[in-house]
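Peer 1: show me how the following folds:
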Amino acid sequence: MKTRIHSLKGSVLVPVMAALLSACGGGGDSTTSSTSTTSYTLSGTVPGTVIELFCTGGLYYRTNSTDNGTSEHPFSIQVPSGLDCHVVMTTNEDDTATRVISPIRFIEGTTSGDVLNLKGDLALGFVALEMDPSKIIDSNGDGVIDEPFEVTLPDDAEAVADPSYDALDSDGDGIPNVYEDDDNDGYFNSEDDDDDNDGYPDDQDEDHANDQDEDGVEDDYDRDVDNDGYEDDTTTTPDTTTPVTEYTVQKGRLLASQCAQCHGTDGYSTTSWDSIREESGDSSEIIEEMNEYSTAHIMGAQAIGYTDEERQALAEWLSGN
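Peer 2: Numbering: from 1, shown residues only. Sure, this is the predicted structure:
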């Protein structure tokens with residue numbers, strides 16, 4: 001499903017409010033397109049957040065976390081293999097006065113880095129991002145934290161990359177170029193019509209006109225010039241998305257958000273874990289399976305938290321009824 005956190009304004013990208021409810025735990029919507037035939041899942045939970053990835057060759061991916069009624073909203077996003085990617089997470093993304101934009105720095109054992117290069121699926125766990133702008137260090141008031149937010153990875157993740165040259169972060173401070181404030185005027189580059197404050201709009205400025213999305217990759221070498229999440233030489237037609245205001249809440253689907261952490265978005269697994277959606281057309285069979293585990297088993301421990309009514313709603317949704 002393809003949508004954008006940004007819309008183009010000449011060469012300027014402006015965050016918008018689109019937060020879409022998606023399948024249980026899977027992230028509201030996700031732009032994922034590349035020539036790579038292999039992709040991996042980056043997942044975790046956050047306090048209501050937009051997740052963006054700025055990757056090799058100017059490729060761009062984003063997703064919304066899913067509001068599951070708790071303070072830890074799940075998300076997942078598919079990332080093609082072989083890409084070095086900066087990860088940026090934004091809380092309160094629909095309000096420029098209170099949003100907090102957090103580039104992420106990853107800690108893996110004794111190694112740290114501002115770039116991920118996935119070699120397998122990676123679960124971040126809960127990322128405790130700040131939601132109160134008064135509690136962050138933001139010297140120029142542009143809503144972007146001055147130092148990347150640190151997230152610790154498992155020691156065996158083997159995901160932290162250290163490129164010798166990083167076009168997406170020209171000064172190597174962990175803040176991607178699009179979220180730098182080059183002229184220190186309180187507007188980060190992708191929201192600033194005149195990054196260098198020379199009096200010329202960026203799309204008319206020789207220094208900026210060849211980098212429309214201001215990610216540091218010149219248009220001639222940028223595989224996604226307009227940051228729509230699709231390579232520019234593809235003809236993929238975006239899917240029609242459903243705004244949250246038109247979304248019909250399904251109780252079973254919301255309850256099953258917990259299941260997605262192991263069994264995949266909408267219950268369709270892409271890993272060695274079993275798929276559980278529509279594996280059985282009989283909800284009573286699913287309830288029977290939920291009840292057969294002891295509380296010492298992870299499934300029994302999960303199921304014991306539901307009432308009989310909730311189990312019935314969950315089972316009906318999983319069975320496709």
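
Peer 1: list the buried residues of the lengthiest helix in the chain.
Peer 2: Of all the elements of type helix in the chain, the one with the most residues (DSSP state H) is helix 308-318. Using 16 or more other C-beta atoms under 10 Å as the burial criterion, the residues of helix 308-318 that qualify are 311-318. Backbone N, C-alpha and C define where each C-beta goes, glycine included.

Peer 1: then it to CSV, C-alphas only?
Peer 2: Extracted in CSV, the C-alpha atoms of helix 308-318 (Å, rounded to 0.1, in the frame of the first residue of the first chain):
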residue,chain,number,x,y,z
ASP,A,308,-14.7,-15.6,26.2
GLU,A,309,-16.4,-12.8,24.2
GLU,A,310,-13.0,-11.5,23.0
ARG,A,311,-11.7,-14.9,22.1
GLN,A,312,-14.9,-15.4,20.0
ALA,A,313,-14.4,-12.1,18.2
LEU,A,314,-10.7,-12.8,17.6
ALA,A,315,-11.4,-16.3,16.3
GLU,A,316,-14.1,-15.1,13.9
TRP,A,317,-11.8,-12.6,12.4
LEU,A,318,-8.9,-15.0,12.1
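
Peer 1: return the item of the buried residues of helix 308-318 having minimum pLDDT.
Peer 2: In terms of pLDDT, the weakest of these is W317, which scores 74.

Peer 1: can you give me the strands in the stretch 101-250 of the chain?
Peer 2: Along the stretch 101-250 of the chain, the stretches classed as strands by DSSP state E, counting those that start in this stretch are 111-113, 115-116, 122-126, 149-152, 160-161.

Peer 1: helices and strands around the longest one, which ones?
Peer 2: Packed against strand 122-126 by the contact rule (3 or more C-beta pairs under 8 Å, 6 or more residues apart in numbering; DSSP states H and E) you find strand 39-46.

Peer 1: what residue ranges in the stretch 1-150 of the chain score low on pLDDT?
Peer 2: Under the criterion pLDDT under 70, the flagged ranges of the stretch 1-150 of the chain are 1-37.
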